[in-house]
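*Asks:* Structure for this input, please:
(one chain, ligands or ions: 1)
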Amino acid sequence: MSRPCSCGSGEPRREVNDARGIFVSYVCDKCEKEKLKGYRREIFVNPRYWTSEQQPAKVGGLSAAASRARTRSARAASTR
Ligand SMILES: [Zn+2]
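*Replies:* Predicted coordinates:
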């Protein structure tokens, strides 16, 4: 039922899909690394890789932590 891989190894091919279930390529054990080398690992593990690509990670965590620390110190100052 499974056809031999196109790389000529004679190994049965199998489908590789990304994290969204989108077909990427046919591979076998022999050529899997070679064929998937051109793809970012992210697309196989992160279903939201497209959206995360369009909006780069913001560094909002730092300012949030900074404002929280400021609030805490302000409260400590007013308590006295
Ligand atoms: Zn192959």
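*Asks:* Residue numbers of this protein in contact with the ion?
*Replies:* By the criterion of CB under 5 Å from the ion, the positions of the chain lying close to the ion are 5, 7, 9, 28, 30-31. Any C-beta I mention is one placed from the backbone N, CA and C, and that applies to glycine too.
*Asks:* Out of those residues, which end up buried?
*Replies:* With burial judged by 16 or more other CB atoms under 10 Å, the buried subset of the residues of the chain next to the ion is 5, 7, 28, 31.
*Asks:* which residues sit in contact with the last one?
*Replies:* Contacts were defined as CB atoms under 8 Å, 6 or more residues apart in numbering; by that measure residue 31 touches 5, 7, 9.
*Asks:* Alpha carbons only: can I get stretch 22-40 in CSV?
*Replies:* Extracted in CSV, the C-alpha atoms of stretch 22-40 (Å, rounded to 0.1, in the frame of the first residue of the first chain):
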residue,chain,number,x,y,z
ILE,A,22,-1.0,20.7,6.4
PHE,A,23,0.8,18.3,4.2
VAL,A,24,4.5,19.2,3.9
SER,A,25,6.2,16.3,2.1
TYR,A,26,6.7,12.6,1.6
VAL,A,27,9.7,11.3,3.5
CYS,A,28,11.2,8.1,4.7
ASP,A,29,13.7,7.4,7.5
LYS,A,30,16.6,7.9,5.1
CYS,A,31,15.7,11.3,3.8
GLU,A,32,13.5,12.7,6.5
LYS,A,33,16.2,14.9,8.0
GLU,A,34,17.4,16.0,4.6
LYS,A,35,13.9,16.9,3.3
LEU,A,36,12.8,18.7,6.4
LYS,A,37,16.0,20.6,6.9
GLY,A,38,14.6,23.4,4.8
TYR,A,39,11.6,23.8,7.1
ARG,A,40,11.6,25.6,10.4
